[in-house]
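> Below are the sequence and a predicted model; questions follow.
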Amino acid sequence: MTNSTVEAIQGIEKIRASNIPVVEPLSNGHRACQGCGEVLALRLVMKALGHNVIVVSATGCMEIISSPYPQTAWEVPWLHVAFENAAAVASGVEAAYRVMNRKGKINQPDVTILAYGGDGGTADIGLQSLSGALERGHNFLYVCLDNEAYMNTGIQRSSSTPYGAMTTTSPPGKKSIGQMTWKKNVAAIAAAHEIPYVATASPAFHIDLMNKVRKGAAVKGPAYIHIYSPCPTGWRCDPSMSVHVARLVVQTRIFPLYEVVDGHWRLTNKVKRPKPVIEYLKTQRRFRHLTEKEINKIQQRVDKEWEELVKRCEY
């Protein structure tokens, strides 16, 4: 790890249960669905960052629910941009601030530039602009709020939809078990860009999530955080179960929590006694068509990927 990255991470104020921020840059009164895990995750992100931030939002659920004209739930500067270019616009904002500070036109060197999008706007049509921004080394934080499908436009599958899941464009039937491909590992793709900080997070582990956000904002250069974001509407699960589902996905090792600091991988939740994947799958009707054979196939895949991740972290 570079000295600058270590110093930046060590210099942040660590969030604990006793000092959780009370600020709410994303105010209440938005129009999210009941039990929306995505807006919960975004709220935690903003509580960790505070008000000294500029937010760039891709089109998606969080844009729709937080900015119905003429109202807004945002108490910080916020830009709504196209589905595919949140990272590109954030790059321009970051570059503009850097130049204006250098020329003495402003004196705001510590403003955090945050870009966020869903899995569609990140793993699919936004991946090109995200990759470019990471490769160029812009000093910004990108957060993917992953609810595993294009929920805002009708629950269509994305490359982040898990194997076997039912969506409106991957329906199960005689010739299909639902989603036919495995979930794209965007966090690993981001880490392959050799950026200072990459992490995964879940709103069920809220203090872990907020501390990772602060780390990502503190490092010099690009940072990427991939946050699991339950969607009761699209997943066909009980709205009151969102946090429970967000905890189960970690406890079953389906969605491991880890961070990559200057290329060094570290598990942040070791899950020594994992629960079987069926405990997670049965909470959501999008998986109710799966046979025992398919569930065993998913379990084997989860076990294999966990072993590979542990080896990478040990190395």
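All right, it came through fine. Everything numeric in this text was worked out from a predicted model, so none of it was measured.

> Only C-alpha atoms from now on, for both contacts and neighbour counts.
Will do.

> the strands in the stretch 51-200 of the chain, which residues?
In the stretch 51-200 of the chain, the strands defined using DSSP state E, counting those that start in this stretch lie at 53-57, 78-80, 112-118, 141-146, 172-173, 176-177, 197-201.

> could I get these as a markdown table with mean neighbour count?
Shown next, in a markdown table, are the strands of the stretch 51-200 of the chain (neighbours: other Cα atoms under 10 Å):
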| stretch | mean neighbour count |
| --- | --- |
| strand 53-57 | 22 |
| strand 78-80 | 16 |
| strand 112-118 | 26 |
| strand 141-146 | 27 |
| strand 172-173 | 14 |
| strand 176-177 | 16 |
| strand 197-201 | 28 |
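
> Of all those, which one is nearest residue 239?
Closest approach to residue 239 among the strands of the stretch 51-200 of the chain (Cα to Cα): strand 141-146, 16.9 Å.

> now the strands of the stretch 51-200 of the chain in CSV, with mean pLDDT and distance to residue 264?
Formatted as CSV, these follow (pLDDT from 0 to 100; distance: least, Cα to Cα, whole Å):
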stretch, mean pLDDT, distance to residue 264
strand 53-57, 98, 28
strand 78-80, 97, 33
strand 112-118, 98, 23
strand 141-146, 98, 19
strand 172-173, 95, 40
strand 176-177, 92, 37
strand 197-201, 98, 9
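
> can you redo those strands as JSON lines with distance to residue 163?
What follows is those, written out as JSON lines (distance: least, Cα to Cα, whole Å):
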{"stretch": "strand 53-57", "distance to residue 163": "28"}
{"stretch": "strand 78-80", "distance to residue 163": "31"}
{"stretch": "strand 112-118", "distance to residue 163": "18"}
{"stretch": "strand 141-146", "distance to residue 163": "15"}
{"stretch": "strand 172-173", "distance to residue 163": "12"}
{"stretch": "strand 176-177", "distance to residue 163": "9"}
{"stretch": "strand 197-201", "distance to residue 163": "19"}
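
> To residue 244, which of these lies closest?
Of all the strands of the stretch 51-200 of the chain, strand 197-201 sits nearest to residue 244, with 14.5 Å by Cα to Cα.

> what comes into contact with the closest one?
With contact meaning Cα atoms under 8 Å, 6 or more residues apart in numbering, strand 197-201 is reached by 187, 190-191, 208-209, 212, 215-216, 219, 222-228, 256-262.

> what's the offset of that strand from the middle of its chain?
Relative to its parent chain, strand 197-201 has a centroid offset of 8 Å by Cα atoms, centre = their mean, to the nearest Å.

> Which other helices and strands does the helix or strand following that strand contact?
The C-terminal neighbour of strand 197-201 among helices and strands, as given by DSSP states H and E, is helix 206-218. If you count contacts as 3 or more Cα pairs under 8 Å, 6 or more residues apart in numbering; DSSP states H and E, helix 206-218 packs onto helix 3-10, helix 37-49, strand 197-201, strand 223-228.
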